[in-house]
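Peer 1: Next comes the sequence, and after it the predicted model I'd like to discuss.
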Amino acid sequence: MRRLWMSALLAPVVALAIPVAASAAPSAPAAPAVAAAPAQSMQLAGMTRHQVRVLQRRLAALKYYPGPINGLFGIDTQEAVWAFQETQGLPGADYVSSKMEQALAHPRAPKVLDRAAGGNRVEVNIRDEVLVLYHNNAIELISHVSTGGHYYYDGGAFAVTPTGNFRTVVFLAGWVTVPLGEMYNPVFFIGTEFAIHGDTYVPLQPVSHGCVRIPMDIAAFFHTLVKVPGEPVIVRD
């Protein structure tokens with residue numbers, strides 16, 4: 001829940017040859033402007049602008065959110081790459097490996113945690129550090145997350161994300177502060193303590209006090225895609 005500004009990542013990426021549907025588009029609306037790290041240039045990412053755009057379109061077609069389809073390998077695209085790697089069982093990396101290229105051509109769907117919970121639901125897979133949003137049992141959005149870091153803080157509290165079947169409770173706009181820390185656009189699923197929320201620091205590792213951190217660009221619109229209150233939230237490890 002710490003408000004810690006992310007620095008831009010230098011992400012060398014191999015050239016891609018990925019089949020992409022001509023009509024592929026981001027699965028979520030463009031995020032409103034929020035404070036975030038600037039997009040990297042395609043030169044720093046080690047790819048041409050066309051290659052980055054192909055990657056972004058493919059990720060968007062698969063329901064990940066790479067940000068604008070602009071050919072710039074920024075933080076939002078990096079986090080979409082992480083989410084894809086996590087669902088495919090690939091090591092998290094700041095580049096696209098040959099194995100990831102193969103997986104992009106023949107991807108596997110994220111593991112379903114509880115289909116019986118309802119056609120519209122949010123599933124958080126702690127083991128993979130990924131969130132999947134379903135509408136009518138079809139995937140609407142897949143996001144990288146960072147959950148409880150399993151450390152002690154504030155004189156003995158243990159940082160762990162509760163598992164179980166919950167429901168959204170309330171949405172609070174902007175930056176808010178609760179006992180677990182500061183969070184952006186939180187959608188609470190246990191009282192006003194545990195939430196799915198934006199943070200400027202959402203690394204590959206689980207580091208939160210117990211909430212489910214999502215990237216800032218996704219947090220800007222996530223609350224518009226779920227019913228509040230009442231959307232099922234499934235959390236499993």
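Peer 2: Ah, there it is.
Peer 1: So this structure: which segments form each domain?
Peer 2: Domain ranges of the chain: 42-105, 115-236, per automatic domain parsing.
Peer 1: so where do the helices sit in this structure?
Peer 2: 42-45, 49-61, 75-87, 98-105, 216-219 (DSSP state H).
Peer 1: packing partners for the third one?
Peer 2: Read it as helix 75-87. If contacts are counted by 3 or more C-beta pairs under 8 Å, 6 or more residues apart in numbering; DSSP states H and E, helix 75-87 sits against helix 49-61, helix 98-105, strand 130-135, strand 138-144, helix 216-219. Every C-beta, even on glycine, is put in place using the N, C-alpha and C of the backbone.
Peer 1: nearest to Asp199, of the helices of the chain?
Peer 2: Set against Asp199 and scored by C-beta to C-beta, the helices of the chain come closest in helix 216-219, at 7.2 Å.
Peer 1: returning to that earlier point: hey, least reliable of the domains of the chain by pLDDT?
Peer 2: Mean pLDDT per stretch puts domain 42-105 lowest among those, at a mean of 91.
Peer 1: The longest strand anywhere in the chain - contacts with which helices or strands?
Peer 2: Of all the segments of type strand in the chain, defined by DSSP state E, the longest one is strand 181-190. Applying 3+ C-beta pairs under 8 Å, 6+ apart, we find strand 181-190 packed against strand 164-167, strand 170-171, strand 175-178, strand 194-198, helix 216-219.
Peer 1: Could you give the separation of it from the chain centroid?
Peer 2: 15 Å (C-alpha atoms, centre = their mean, to the nearest Å).
Peer 1: Strand 194-198 and that strand, what's the angle between them?
Peer 2: For strand 181-190 against strand 194-198, the angle by axes from the mean of the first three to the mean of the last three C-alpha atoms, to 10 degrees is 130 degrees.
Peer 1: wait, Phe222 sits on Val187?
Peer 2: Yes: using C-beta atoms under 8 Å, Phe222 and Val187 qualify as a contacting pair, with a distance of 6.6 Å.
Peer 1: okay, how far is it across stretch 108-121, tip to tip?
Peer 2: In stretch 108-121, first residue to last residue: 20 Å (C-alpha to C-alpha, to the nearest Å).
Peer 1: how near is the spatially most distant residue from the centre of the chain to Ser208?
Peer 2: Ranked by distance from the centre of the chain (C-alpha atoms, centre = their mean), the top residue is Gly155, with 30.1 Å. Note on Gly155: its distance to Ser208, by C-beta to C-beta, to the nearest Å, is 18 Å.
Peer 1: before we move on, back to that, so what touches the longest strand of the chain?
Peer 2: The contact list for strand 181-190, computed with C-beta atoms under 8 Å, 6 or more residues apart in numbering, reads 1-3, 34, 162, 166-178, 194-200, 209, 211, 216, 219-220, 222-223, 226, 228, 233.
Peer 1: now these: which count as buried?
Peer 2: Burial by neighbour count, 16 or more other C-beta atoms under 10 Å: within the contacts of strand 181-190 this picks out 1, 166-169, 171-172, 176, 178, 194-200, 209, 211, 216, 219-220, 222-223, 226, 228, 233.
Peer 1: Of all the helices and strands packed on strand 181-190, which one is nearest Glu140?
Peer 2: Closest to Glu140 of the helices and strands packed on strand 181-190 is helix 216-219 (C-beta to C-beta; 11.8 Å).
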